[in-house]
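J.: Predicted coordinates and the sequence they were generated for:
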Amino acid sequence: MNIFATSPLVTIIVPCYNHEHYIIQCIESIYAQTYTHIELIVIDDGSKDGSAQILQQLSQTYNFYFEHQENMGLARTLNKAIKLAKGEYITFLASDDLMLPNKIEDLLKTLLLLDENYAVVCGNALFMNDQGDIITLQKHGKVYSNFIDYYTVNREDIDLENNFGTYVTLLGGNYLPAMSTLYRKDALFAVGLFTEDIPIEDWDIYMKLSKQYKMKYINTTVAIYRWHESNNFKKNQSGMNIGMLRILEQERQYARAQGYYKIWIKTYANRLILLFHFKEYHNLFHYLHINDLVGLSIHFFKNFKKLKKKSFQF
């Protein structure tokens, strides 16, 4: 049976902000896909460099939808693009990242074989530096060549085959490569799209989706994540940490009701420890809640040596 007999349309959404050095390579990787029934929507979110001018020229060459807007933030931009999308399936790609040629074909092939309980299929990703060289990253004294291995290190709770993308594993921290993921559009609408005032929009949407749907991992590399100094993750660790705390705060009640409070308190406490490391004591006290003091105290006591040595990492 040819599962591509009907050739469903896949919408690729690229939000851009100040990536004039990377955007051409990003767009070219999209048009190198082996699956060609695609729609590309690119929105420049108020770039201050030459990104908009480059994208305007590229849109004329490749005939994709392009819009340059005043800066409104990533989550709002993504929601705007989703509402414009004509495809049944949606994938996102940051304007400094790349798709490998097999991405859409491999992810869509898997998603089409799954029932409607599945909203997401996700593959793996490699790392790349500013110059476009494939690189490895070090963490806890070990070297990692791909996204999944790097972000699941010491995560004994994760079984990629059996519990990938479940609420309980996501509660312990985000480990899904956003650039390697394909969504059913109707599922995104069903959970209310991205929360627009949360800076870590991908973790938030995964948490939302995991409450209603399943996710599937395929052991195939489908994208490349550019690891460079302008990554929001690297240049604004403090702000990202606050964003994680805000997401965890909104999950407190649900996690407790589902019996996952111990997992929640561990993740929440680790974020508070990072506030201590950054000497953000005003934020630390803001996010300390009296109802959580017992659980936090137990966790802090168990991890006192790590706290003292400042050994916690993102």
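T.: On my side now, so go ahead.
J.: quick one, what contacts Y260?
T.: Counting by Cβ atoms under 8 Å, 6 or more residues apart in numbering, Y260 touches 167-168, 171. Where C-beta positions appear, they are placed from N, C-alpha and C, glycine not excepted.
J.: Next one: it from E201, what distance?
T.: According to Cβ to Cβ, to the nearest Å, Y260 and E201 sit 22 Å apart.
J.: how about the strands in the stretch 1-150 of the chain?
T.: 10-16, 38-45, 65-69, 89-92, 98-99, 118-128, 134-135, 137-139, 142-144 (DSSP state E, counting those that start in this stretch).
J.: Among those, which comes closest to N270?
T.: Set against N270 and scored by Cβ to Cβ, these come closest in strand 137-139, at 15.2 Å.
J.: Flag the shaky bits of this structure, pLDDT-wise.
T.: 1-5, 229-236, 275-314 (pLDDT under 70).
J.: Check which residues of the longest strand anywhere in it are buried.
T.: Secondary structure assigned by DSSP state E gives strand 214-226 as the longest strand of the chain. Using 16 or more other Cβ atoms under 10 Å as the test for burial, strand 214-226 gives 214-218, 221-226.
J.: what's in contact with the helix or strand encompassing Y206?
T.: Y206 belongs to helix 201-210 when assigned by DSSP states H and E. Applying Cβ under 8 Å, 6+ apart, the external contacts of helix 201-210 come out as 74-75, 78, 119-120, 165-167, 170-171, 174, 176, 178, 183, 187-188, 191-195, 198, 215, 244, 247, 251.
J.: Looks like T91 contacts E105 (just checking).
T.: No - using Cβ atoms under 8 Å, T91 is not in contact with E105; the gap is 11.8 Å.
J.: quick one, helices of the stretch 1-150 of the chain?
T.: 23-30, 51-62, 74-84, 103-113, 147-151 (DSSP state H, counting those that start in this stretch).
J.: ok so, going back, among the buried residues of strand 214-226, which one lies nearest to E20?
T.: Closest to E20, out of all of the buried residues of strand 214-226 and judged by Cβ to Cβ, is R226, at 13.7 Å.
J.: And that closest one, how close does it get to H21?
T.: For R226 relative to H21 (Cβ to Cβ), the value is 10 Å.
J.: ditto for Y150
T.: Y150 sits 24 Å away from H21, going by Cβ to Cβ.
J.: Show me which of these two is the more surrounded one.
T.: Y150 (21 against 15; other Cβ atoms under 10 Å).
J.: residues contacting the more buried one?
T.: By Cβ under 8 Å, 6+ apart, the neighbours of Y150 are 127, 137, 139, 144.
J.: Any idea what the first one is bridged to?
T.: I take that to be F127. Residues in a beta bridge with F127, per DSSP bridges, are I135, Y225.
J.: Which residue ranges make up the domains of this protein?
T.: The record's domain parsing of the chain by automatic domain parsing lists 10-230, 236-309.
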